[in-house]
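> structure of the sequence below:
(3 chains)
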Amino acid sequence: MSSPSANRPTGKRVQMLATCLCDAFFDDAARATVEVLEYLGCAIDFPEGQTCCGQPAFNAGDWPASRRVVRHTVKVFAGDVPVIVPSASCAAMLVHGAPLEFEKEADYGEIEKLGHRTWELADYIVNGLGVKTWPGKFPAKIAFHTSCHSRGTKSGESTLALLRSIAGVEVQIFGEGEQCCGFGGTFSVAFPNISTGMGNLKLEHMRAANPDILVSGDSSCMMHLAGMAEKEGHPIRTLHFAQILRDALKNGGLLPT
Amino acid sequence: MNAREDMLGRVNKALAMLPERAALPNWDGELAVAHKLVDHHAPLELFCERIKLVNGTPMTSVTEVAAYLKKNGWMKGYCDPALQKQLQEQFGPEFTLSPEFDRTRVDDYAFGITRAAGGIAETGTIILNDTLTSRRLGALAPWVHIAILPRELIHLTLADAVLVLGDDPNVIWATGPSKTADIEGILIEGVHGPGVQIALIL
Amino acid sequence: MDGFAATLKKETHDAVYNSTKATHEKRTKVLFDHFPDANRLREIAGEIKQHVIENLDTYLPKVEEKLRANGVQVHWAPTALDANQAVLDIMRKRNATKIVKAKTMVSEETELAHFLEKNGVECLETDLGEFIVQVDHDHPSHIVRPIIHKSRREVAVCFEKNGLGAYNDDPNVITQRARVFLRQKYLQADVGLTGANFVVAESGRLVLVTNEGNSRFCLAATRCHIAMVGIEKILPRDRDLALLLNLLARSATAQQLTVYTEFIKGPRKPTQPDGPDEMHVIFVDNGRIDVLATECRDILRCIRCGACLNVCPVYRQASGHAYRSVYPGPVGAVLSPLLAKEKFPELADLPKASSLCGACQEVCPVNIPIPDLLLRLRDKNKRAHGPNSGTPPLGAWSILASQPTAWKAAMAMGGLVNHVPRVLMPGPLRKWSDHRTLPPWRGGQFRKWLKNRPTAKGKS
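You can find the predicted model right below:
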């Protein structure tokens, strides 16, 4: 669990960490992130050399491997502007996970500094840029999954606040919202029965609310749930909340299409 | 080296590597009070309300207790010897209040009457101790326990009660009748201890 | 663990799931209804316990001195065998052959009952759930609700099989039968054994938190009290009890207080006819000091409430027996491998059997950062066992992920499937595909769009 520090840098000049999942599968979520931030007047620097936050190896217990990747990330994101990440779990990795595995390392200070500048996207929009409501429209019933890595942060409440403020959005409540979806990184393949057991339970609860779309701030959770739903023959539509924010603007004629 | 030296030595070694030790927080006692429950309530009134929530039974007269016991056919019990004469008179001849407790006939006693050392309003708790409980078994083994509780000995909060635990070697906070939910989560009252916990508040 | 979960009987799964979920929800309500600032309470309680653990070198001698001054005999047990032997020695000195015991987790660690039986002592569990477990030669599956996995039917069958009456699955009848049977046992026993939820350094008081009245009976019917206590159970002052007692019962059983909270300072008062003349406290190590020396020492804060078990999605899927140890659930996933010492490899899967969701930390009354401790154990396991650790090999991936040119090539090609969550092997990829489809590969598309869009505001 991470608690981002109180005095992180803000401002409209930012760097963006797209995340490896968006790099590989969810390019539109990354694209939507750019479009949303630029709509808000941000100038985005996308360091081309970025790869991954190092979380997969950290969670798996291979800390030397993870540290190698984190060091690369720190190098690539040199600077002092805010680093915006469209993923609560990647943000938590930089804010909390990386400092944990670098406790005894000489370059701990460098790693901590990066964590100090890191913001999850919704947290940044609401608490960094002060945006409380979102314009445009997006008529849909949405089931929002608060990912586990947003525990102890303002990401979940920020995302919900933004979504609820969009004309046409109906955020559905469903049971056991605090329970994990069952992804957990390598846990999903090392403990497949428990992982899918958890995923099925989550799908059952979310479906009971009859949503049009499953939404989250973490692509990993969506990939796991959508993958299961499709495998069992009942696919569900999933979107990253950045895509909803962007599409709401488009629908409201506020973005060039 | 004996076991004590071995263990303490290894504890020292384990902690020696810490650059500093975590400090003891000096926390505000008000944090441990459930203000929502206790504010604007007097101890007696709150005690009666809370004890009922845990299925304890507050009563205010011997007559009330006697009527309750008679209704259930519980006519024989144990009584604190210091109170036995007076209470036997008040209960009347239909009842048998025995100042002795025979361990070999433990189920002969349907009820036990002993003195409480206090109460806690916030939780509906009766405080017992070795000093004022004439016999531990007398307060524990019978199905019904009647604790005689002077109203001025009821503390408002748990936090208050914790500060006056004193030197008695066996202070017991009894919050309702004994219970279990071990079998399928189903609540059963009256396990090893009393199934009925009465506070006779005088 | 995963295999166990897959083959778990539906009846058992449902019993565990429904029970844990209900208790968790009640716990949340009663805690926050009474204390809107409950999370602050948990933080402070955590700081108090962490302070004690990091100062055990001062607290242990202090508590010992106070206990002795109160007329209590103090013993020290480095190993499980030492603890069990200490109990046996006390029994032998008194020519005692019968002991009744209340529920204490540390005695389950040391397998006390089994040891005593082997040495000719009758050792009877008196907590209803533990009594049923003992009679049925079963194992508890939850630290507060030992038979959460058992149905009333199974209990009725067990009672009939063991001479405790004809088949009757009414919980009231079952409980009454246990009450009648056990009260004779208390009265015939020589020694009563308990644990302690807390030992207060300032006063030397032991605190026991129970519901059934069994520990009271152990201490009312016998003449000798033995308390087996883990060294980490110390609290600094009586006033700290106000905080911990308000948190413990709400966290464990969603009660404001358990029915009986006992504060035991020494043998009975001379004017009190019932109760022990003699009192012993056995401080048990059994691996705790080893844990104290590691970066996982925070786990020693645990007050054994079981709230983490009740909220854990993995525990709800797999149930307690899947953990194959005295302590299941999130606390067990950290503590059991650590206490297992050289048997650590046998339980190495436990720290990995977690999605690191953090629900446990959120409910822990002493705010233990369990996910961080699980991560530390995964690191420790990898360092200790390298290729045999069961950790997927991520070295090659990490090199790829620190070389942008190679990375971008892999993205664009899409063939090198070397990415989160799948690893460089076909095995895990296959395992993923057993239960889930993969989204279409879009490697490099975002970067391409960013570079090629007409109004390129961002620098690349």
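> CA only for contacts and neighbour counts going forward, please
OK.
> so which residues of the stretch 51-200 of chain A form helices?
A:55-60, A:63-76, A:88-92, A:98-101, A:108-116, A:121-123, A:155-164, A:187-190, A:192-208 (DSSP state H, counting those that start in this stretch).
> next one: the fourth one to chain centre, how far?
I take that to be helix A:98-101. Counting by C-alpha atoms, centre = their mean, to the nearest Å, helix A:98-101 is centred 19 Å from the centre of its parent chain.
> which other helices and strands contact the host helix or strand of residue A:29?
When secondary structure is defined by DSSP states H and E, residue A:29 falls within helix A:27-39. Applying 3 or more C-alpha pairs under 8 Å, 6 or more residues apart in numbering or on different chains; DSSP states H and E, we find helix A:27-39 packed against helix A:20-24, strand A:43-45, helix A:241-251, helix C:445-452.
> the same query, at a cut-off of 10 Å, please.
strand A:13-16, helix A:20-24, strand A:43-45, strand A:83-85, helix A:121-123, strand A:238-240, helix A:241-251, helix C:445-452 (3 or more C-alpha pairs under 10 Å, 6 or more residues apart in numbering or on different chains; DSSP states H and E).
> re the thing from before, so which of the helices of the stretch 51-200 of chain A gets nearest residue C:143?
helix A:192-208 (21.3 Å; C-alpha to C-alpha).
> for the helices of the stretch 51-200 of chain A, give me TSV that also has mean pLDDT.
As requested, those are arranged in TSV below (pLDDT from 0 to 100):
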stretch	mean pLDDT
helix A:55-60	95
helix A:63-76	97
helix A:88-92	96
helix A:98-101	97
helix A:108-116	97
helix A:121-123	98
helix A:155-164	96
helix A:187-190	92
helix A:192-208	95
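> TSV for the ones you listed, including distance to residue C:254?
Output for the helices of the stretch 51-200 of chain A, formatted as TSV (distance: least, C-alpha to C-alpha, whole Å):
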stretch	distance to residue C:254
helix A:55-60	33
helix A:63-76	39
helix A:88-92	31
helix A:98-101	34
helix A:108-116	38
helix A:121-123	34
helix A:155-164	27
helix A:187-190	31
helix A:192-208	24
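> among the ones you listed, which is nearest residue C:440?
That would be helix A:187-190 among these, by C-alpha to C-alpha, at 18.9 Å.
> show me what that closest one is packed up against.
helix A:192-208, helix C:426-435.
> is residue C:173 within a helix or a strand, and which one?
Using DSSP H and E, residue C:173 falls within helix C:171-188.
> smallest gap between the stretch 151-257 of chain A and chain B, at which residue?
residue A:176 (20.5 Å; C-alpha to the nearest C-alpha).
> residue contacts, that residue?
By C-alpha atoms under 10 Å, 6 or more residues apart in numbering or on different chains, the contact list for residue A:176 reads A:201-202, A:205-206, C:21, C:25.
> mind listing what's buried in stretch B:56-68?
Buried residues in stretch B:56-68, counting neighbours by 16 or more other C-alpha atoms under 10 Å in any protein chain shown, are found at B:56-59, B:62, B:65-66.
> how long is it end to end?
This stretch, stretch B:56-68, spans 14 Å end to end (C-alpha to C-alpha, to the nearest Å).
> can you list contacts of that stretch?
Contacts with stretch B:56-68, where a contact means C-alpha under 10 Å, 6+ apart, come from B:47-52, B:69, B:71, B:73-75, B:87, B:90-92, B:94-95, B:124-126, B:146-149, B:151, B:174-178, B:195-202.
> ok, which of those also contact chain C?
B:124-126, B:174-178, B:195 (C-alpha under 10 Å from any C-alpha of the partner chain).
> contacts only, for residue B:3.
With C-alpha under 10 Å, 6+ apart, residue B:3 has these contacts: B:9, C:75-79, C:82.
> for the helices and strands packed on helix A:27-39, which one sits closest to residue B:170?
Per C-alpha to C-alpha, nearest to residue B:170 of the helices and strands packed on helix A:27-39: helix A:121-123, 53.7 Å.
> helices or strands up against that closest one?
Looks like helix A:121-123 contacts helix A:27-39, strand A:83-85, helix A:88-92, helix A:155-164, helix A:241-251 (3+ C-alpha pairs under 10 Å, 6+ apart).
> again, only using 7 Å
Helices and strands touching helix A:121-123, by 3 or more C-alpha pairs under 7 Å, 6 or more residues apart in numbering or on different chains; DSSP states H and E, are helix A:155-164.
> next, the buried residues of the helix it packs on.
For helix A:155-164, by 16+ other C-alpha under 10 Å, it's A:155-156, A:158-164.
> roughly how far does the spatially most central residue of chain B sit from residue C:301?
Closest residue to the average C-alpha location of chain B: residue B:174 at 2.5 Å, with C-alpha atoms, centre = their mean. Between residue B:174 and residue C:301 the computed distance is 27 Å (C-alpha to C-alpha).
> most tightly packed of the helices and strands packed on helix A:187-190?
Ranked by mean neighbour count under mean count of other C-alpha atoms under 10 Å in any protein chain shown, these are led by helix A:192-208, which reaches a mean of 20.
> that one to helix C:426-435, inter-axis angle?
Put simply, helix A:192-208 runs at 30 degrees to helix C:426-435, going by axes from the mean of the first three to the mean of the last three C-alpha atoms, to 10 degrees.
> helix A:192-208 packs against which elements?
helix C:2-6, helix C:313-318.
> would you map the helices across chain B?
For chain B, the helices defined by DSSP state H cover B:3-16, B:35-38, B:43-53, B:62-72, B:81-91, B:136-140, B:158-163.
> now do stretch A:164-177: distance to the chain's middle.
18 Å.
> one more: stretch A:168-184?
On C-alpha atoms, centre = their mean, the centre of stretch A:168-184 falls 15 Å from that of its chain.
> dump the residue contacts of residue C:2.
Counting by C-alpha atoms under 7 Å, 6 or more residues apart in numbering or on different chains, residue C:2 touches A:191, A:193-194.
> what do you get for residue C:408?
Counting by C-alpha under 7 Å, 6+ apart, residue C:408 touches residue C:444.
> for it, report the pLDDT, please.
Note on residue C:408: pLDDT of 92.
> quickly find the element holding it.
Assigned by DSSP H and E, residue C:408 belongs to helix C:404-413.
> so how far is that helix from its chain's centroid?
46 Å.
> give the buried residues for that helix.
C:404, C:407-408, C:410-412.
> stretch A:175-184 now?
Within stretch A:175-184, the residues scored as buried using 16+ other C-alpha under 10 Å are A:177-184.
> neighbours of residue C:283, how many?
Residue C:283: 23 surrounding residues under other C-alpha atoms under 10 Å in any protein chain shown.
> one more: residue C:164?
Using other C-alpha under 10 Å: residue C:164 sits among 16 other residues.
> and the pLDDT for it?
pLDDT recorded at residue C:164 is 92.
> ok, back up a step: got a markdown table for the helices and strands packed on helix A:187-190, with distance to residue C:288 too?
Formatted as a markdown table, those follow (distance: least, C-alpha to C-alpha, whole Å):
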| stretch | distance to residue C:288 |
| --- | --- |
| helix A:192-208 | 30 |
| helix C:426-435 | 36 |
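> residue A:50 is nearest to which of those helices?
Nearest of these (C-alpha to C-alpha): helix C:426-435, 24.2 Å.
> can you give me how far that closest one is from the chain middle?
33 Å.
> which strands and helices sit next to that helix?
Checking 3+ C-alpha pairs under 7 Å, 6+ apart, helix C:426-435 ends up next to helix A:187-190.
> ok, and what's touching the helix it packs on?
A:182, A:195, C:353-355, C:428, C:431-432.
> domain map for the chain?
Just so you know, I chose chain A. A:13-127, A:131-251 (automatic domain parsing).
> if you could check chain C rather than the one you did, that'd help
C:34-289, C:395-452.
> gap between the two ends of the first one?
Spelled out, that is domain C:34-289. End residues of domain C:34-289 are separated by 36 Å (C-alpha to C-alpha).
> can you check the shortest one too?
Taking C-alpha to C-alpha, domain C:395-452 runs 33 Å from one end to the other.
> quick one: that domain to chain centroid distance?
That offset, for domain C:395-452, works out to 39 Å (C-alpha atoms, centre = their mean).
> so which residue of the stretch 101-250 of chain A comes closest to chain B?
residue A:104 (13.3 Å).
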